[in-house]
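# coords below, sequence missing:
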C-alpha cells in the first residue's frame, strides 16, 4: 500500500474525529488546546481539517433541501417522495457513522502496539520470528513473555504465520473468542462481537474466555465463527476467496450488493451508501483490486448499471 496515501487517510480520520468531538457538549478547554496543537503540528493537518469542514458543508446542503421538501405541501409524485426519503436516510447514515466510528478507532489505536489506517496493510515481525499481516483498519496489542505469546485483536483482521514453539503457546484473543496454536498459519477477523478464525496451515484450537474448556479444533480449510461467547458456525472455508486480501484483492461470487459495499467500505476512505433498498440483494460477481477501489465504483456503474452519485470525493450514493 502507498504509505503516503495511508498517512493521508490517518490524518483525515483524526480530523474527522476532532470535528465531532469539538461539537460535543462536554468538550473542555484542555481538549480545545490539544486540538489547536494538533492543527498547528503540520500543514497536512490544516488541509485535512479544511477538507472535513468542506465535506460537511456539502452534506448539509442536500440535508437542508430534504428538510424543506419534507415541510412543503405533498404535491410531488410518489417516486419523488420515496427518493427523498432514501436520500434523507443515506445522509443520516453518513453523519451517524462518522460521528461514532472514528472516535472509537482513535481510542483503539492508542491502546494498540500496531494499527493500520483505512486501505493500509502492514507486515509485523515479532520477537520470536512469527509474522502477522495486519489488514485494513486493524489494531493489535502484543504481549510476549517466557511462558506464552499473546495477541489481542482490538479490531479488523490479521493473518498469522507462527514460529513453532510447543512449550510457548501462541494466543490470539478477539473479544470473548480466542485461538491457541503452537505453530501454524491462520487468520482472525473481528467486527464488533463477531469473530472468524480461518486456518490455512496446521491446527488451531478455538474457544472463548467465558468457556475455555469448550474447544473447537480447526484444520486447514476450516473456519469457526463466534458471536460473543457463542460458537455460531463451523464450516469449510474457501481459503483463496477469504484470504484474497493478502494478494490485494477482493473476490465476490454472487454476493449481494450490500455485502460488496460493506467490504469496499472497509478499504476505501469515505463511504458507499446504497440508497435504493431494492438494490441491496442484487447479486455481484467480480474481482476488485484493493488499491484501485474507485475502479470498483466505476465497474458497478458500467458493468452492473448501478447509478453512483459522488459527494466531495469521499461519499458515493448508489441507487
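Thanks, I have it. Nothing here was measured: the structure is a model prediction, and the numbers come from that model.
# isn't residue 285 up against residue 256?
No. Residue 285 is beyond contact range of residue 256, at 11.3 Å (criterion: Cβ atoms under 8 Å). For every residue, glycine as well, the C-beta is placed using N, CA and C.
# of these two, who's got more company?
residue 256 (16 against 12; other Cβ atoms under 10 Å).
# lowest-confidence helix or strand of this protein?
helix 78-111 (a mean of 56; mean pLDDT, DSSP states H and E).
# quick check, pLDDT for residue 226.
Looking at residue 226, its pLDDT stands at 96.
# that one and residue 266, how far apart?
According to Cβ to Cβ, to the nearest Å, residue 226 and residue 266 sit 19 Å apart.
# also residue 166?
The spacing between residue 166 and residue 266, counted by Cβ to Cβ, is 35 Å.
# between the two, who's got more neighbours?
Counting neighbours by other Cβ under 10 Å for residue 166 and for residue 266 shows that residue 266 has the greater number, 18 against 7.
# check the secondary structure at that one for me.
The assignment at residue 266 comes out as helix when based on DSSP: H, G, I helix; E, B strand; the rest coil.
# give me the nearest residue to it, chain neighbours excluded.
Nearest in space to residue 266, with sequence neighbours left out and distances taken as Cβ to Cβ, 6 or more residues apart in numbering, is residue 136 at 5.5 Å.
# which residues does the one you found contact?
Applying Cβ atoms under 8 Å, 6 or more residues apart in numbering, we find residue 136 in contact with 116-121, 156-157, 245, 266-267, 290.
# among these, name the ones in helices.
266-267 (DSSP state H).
# and the contacts of residue 136 as JSON lines, adding pLDDT?
Output for these, formatted as JSON lines (pLDDT from 0 to 100):
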{"residue": "116", "pLDDT": "92"}
{"residue": "117", "pLDDT": "88"}
{"residue": "118", "pLDDT": "87"}
{"residue": "119", "pLDDT": "88"}
{"residue": "120", "pLDDT": "91"}
{"residue": "121", "pLDDT": "94"}
{"residue": "156", "pLDDT": "95"}
{"residue": "157", "pLDDT": "97"}
{"residue": "245", "pLDDT": "96"}
{"residue": "266", "pLDDT": "91"}
{"residue": "267", "pLDDT": "92"}
{"residue": "290", "pLDDT": "94"}
